[in-house]
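1. Requesting a structural model of the entry that follows:
(one chain, ligands or ions: 2)
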Amino acid sequence: MKILFATSEAYPLSKTGGLGDVCGSLPSALQALGDDVRVALPAYQHALERVTGGVREVAALTVPGHDQPVRVLETLLPERAVPVYLISAPALFDDRPGTPYHDPDGREWPDNALRFAVYSRAVAALALGQAGLGWTPDLVHGHDWTAGLVPALLAQHERRPATVFTVHNLAHQGLYPRETFDQLGLPPAWWALDGLEFYGQLSFIKGGLVFADWLTTVSPNYAREICRPDMGCGIDGLLRHRRDRLVGVLNGADYDVWDPSNDPLITRPYGPDTLARKAENKRALQRLFGFAEAPGTPLIAHISRLVPQKGTDLLIETIPRLMSEQVQMVVLGRGEPRFAQALTDLAARYPRQLAAYVGYSEELAHRMTAGADMFCMPSRFEPCGLNQIYSLRYGTVPIVRRTGGLADTVVDASAEAVASDAATGFQFEQATSHALLEALRRALRTYGQDAKTWRQLVAAGMRQDFSWERGARAYQALYRQALQPPAQPEPAPRSRPSARVRREASGRLPRETSGRVPLPPPVAKV
Ligand code: ADP
Ligand code: GLC
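-> Ligands and ions are numbered 1, 2, ... in the order given. I've put the predicted structure just below:
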């Protein structure tokens, strides 16, 4: 199969979070199964600077909304044999501080709608064979709102590739005012409940959710959660309507990048049989942050975007009470300035126990994952989460809220789970600082008073296999299904969703149906 990934991030060319990790590693895993996978990524200036091989221009396109030709540059993903088409529009993907989406103060770039509309139009042209590349995909796999227009644009064509759209985070929908819709010159018929209109706004993500042939999200549990009104970000009605086309495929980890026995970024590589060496990574981390180099003091790590999703506020509320325990903590993150400031203030108040590095550092993320004893992830919601999966492999016991993919990947240290050697971490239910503190205390007690159980948790975590092969097989099976011609003429919603979708997308929700999200067996049983 020939597959084109449409994504705004692919590690190592561009990454702000897990989307970059997934789109940098899943294509290779699919290639290993025999598929021809290529990635279409905006040619951000920072991505061009990270290219390690050659780059050649393979096409130039005229794209509505952009007065310069959009050039298509071909290269390979560094250290992978995955072809990448860089969509070059220098005025839109120029060198900017902050992230591809936000300025350093967390404000969206004012031209984001235009940037990702131009990108999506160029990707759709590539996918339809209009760029003269001599390669057209059988299927386009779009990721998140930034590629949301791609399935919609393709759905306008009779002869087109099949489409799969993956929701990595339903909270990011790409919502813009009506004027933006007009300025982008999108088809007027799309200003409808069965199109891209969402409560009077333009919704990029609806382009994927309404028009893609199949929808996926990044864990089985999140697939169920987003069909519920309390977790569906206002769009659960549409997802319920399409639940027979919605599949939860658990993300994998790239163990070429995240494996303590072969990680050039950490102080001393180690594995399950050489765990004593993990202590050297802990000592180096303690030294780096000016903490006492005490081997017996539990060290907790937290790495994330500093946003409410990740429970940063819960963590901030919990820290003063946590600091009365004998514990050290290191936080790495960037995001909302109010959270960054609060963490910096707390670190100044508890300099011997708490360090906060506000910024982005791939190297520090690896060193923290290797050096810490525990990894804390108090997310309010978490579509999948990768840091807890990496932590498991590094023998760093995760403490997570029971939500989304965190619930699918971490087994709580209940008495039964410990007895059956299945436990890998600690879970808590309520999104409160009280519940978080309780879970942290439970972990600290086990660490300090029950070394046997702790060793068991570490060993069980390191045994877990979240490699991509399983997820790649599930996607491959789904792609095959998407390529099958429909048995009968399809009742919408490819181009014209039914009245019911229109009703549901309008927010007037039907009663909860009893249908369950179909999950492919290999990924549902985690
Ligand atoms: P999300 O995609 O919601 O941010 P994930 O857990 O799926 O969450 O993935 C986060 C990825 O981004 C991980 O690889 C993590 O190590 C990385 N990451 C997040 N914040 C930082 C940071 N400040 N510095 C370095 N890496 C970071
Ligand atoms: C999103 C989610 C995260 C997920 C990642 C990769 O950013 O917040 O939970 O792991 O995408 O799918």
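
2. Checking residue 158 next. Helix, strand or coil?
-> Three-state call for residue 158 (DSSP: H, G, I helix; E, B strand; the rest coil): coil.

3. Please read the previous query as pertaining to residue 20.
-> Under three-state DSSP, residue 20 falls in the helix class.

4. What is the neighbour count of it?
-> Using other Cβ atoms under 10 Å, residue 20 is surrounded by 20 other residues. C-beta coordinates here come from the backbone N, C-alpha and C atoms, glycine included.

5. what's the answer for residue 427, then?
-> When neighbours are defined as other Cβ under 10 Å, residue 427 has 20 of them.

6. just the strands in the stretch 251-400 of the chain please.
-> With strands called from DSSP state E, counting those that start in this stretch, the stretch 251-400 of the chain shows them at 299-306, 328-335, 354-358, 374-377, 397-401.

7. okay, the first one in PDB with CA atoms only?
-> Presented in PDB, the C-alpha positions along strand 299-306 are these (Å, rounded to 0.1, in the frame of the first residue of the first chain):
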ATOM      1  CA  LEU A 299      13.400  11.300  43.000                       C
ATOM      2  CA  ILE A 300      10.200  12.200  41.000                       C
ATOM      3  CA  ALA A 301      10.200  13.500  37.500                       C
ATOM      4  CA  HIS A 302       7.500  15.400  35.500                       C
ATOM      5  CA  ILE A 303       7.900  16.300  31.900                       C
ATOM      6  CA  SER A 304       5.100  17.900  30.000                       C
ATOM      7  CA  ARG A 305       3.500  20.800  28.300                       C
ATOM      8  CA  LEU A 306       2.500  23.200  31.100                       C
END
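
8. helices or strands up against it?
-> Identification of packing neighbours for strand 299-306 by 3 or more Cβ pairs under 8 Å, 6 or more residues apart in numbering; DSSP states H and E yields helix 278-288, helix 312-322, strand 328-335, helix 337-349, helix 362-371, strand 374-377, helix 387-393.

9. do the last one as well
-> In this structure, strand 397-401 makes packing contacts with strand 374-377, helix 387-393, helix 404-409, strand 426-428, helix 433-449, helix 451-463, judged by 3+ Cβ pairs under 8 Å, 6+ apart.

10. could the ones you listed be laid out in a markdown table, adding mean pLDDT?
-> Formatted as a markdown table, the helices and strands packed on strand 397-401 follow (pLDDT from 0 to 100):
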| stretch | mean pLDDT |
| --- | --- |
| strand 374-377 | 98 |
| helix 387-393 | 98 |
| helix 404-409 | 98 |
| strand 426-428 | 98 |
| helix 433-449 | 98 |
| helix 451-463 | 98 |
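
11. Let me know which of those is the nearest to ligand 1.
-> Nearest of these to ligand 1, taken as Cβ to the nearest ligand atom: helix 387-393 at 4.4 Å.

12. For that closest one, report the contacting residues that lie outside it.
-> With Cβ atoms under 8 Å, 6 or more residues apart in numbering as the test, helix 387-393 has contacts from 251, 253, 255, 258-260, 301, 303-304, 369, 372, 375, 377, 397-398, 400, 406, 409-410, 424-425, 461-462, 464, 466.

13. Report the contact partners of the nearest residue to residue 476 once chain neighbours are set aside.
-> Residue nearest to residue 476 in three dimensions, not counting chain neighbours: residue 33, with 5.6 Å by Cβ to Cβ, 6 or more residues apart in numbering. If you count contacts by Cβ under 8 Å, 6+ apart, residue 33 has them with 469, 472-473, 476.

14. Okay then, goodbye and thanks.
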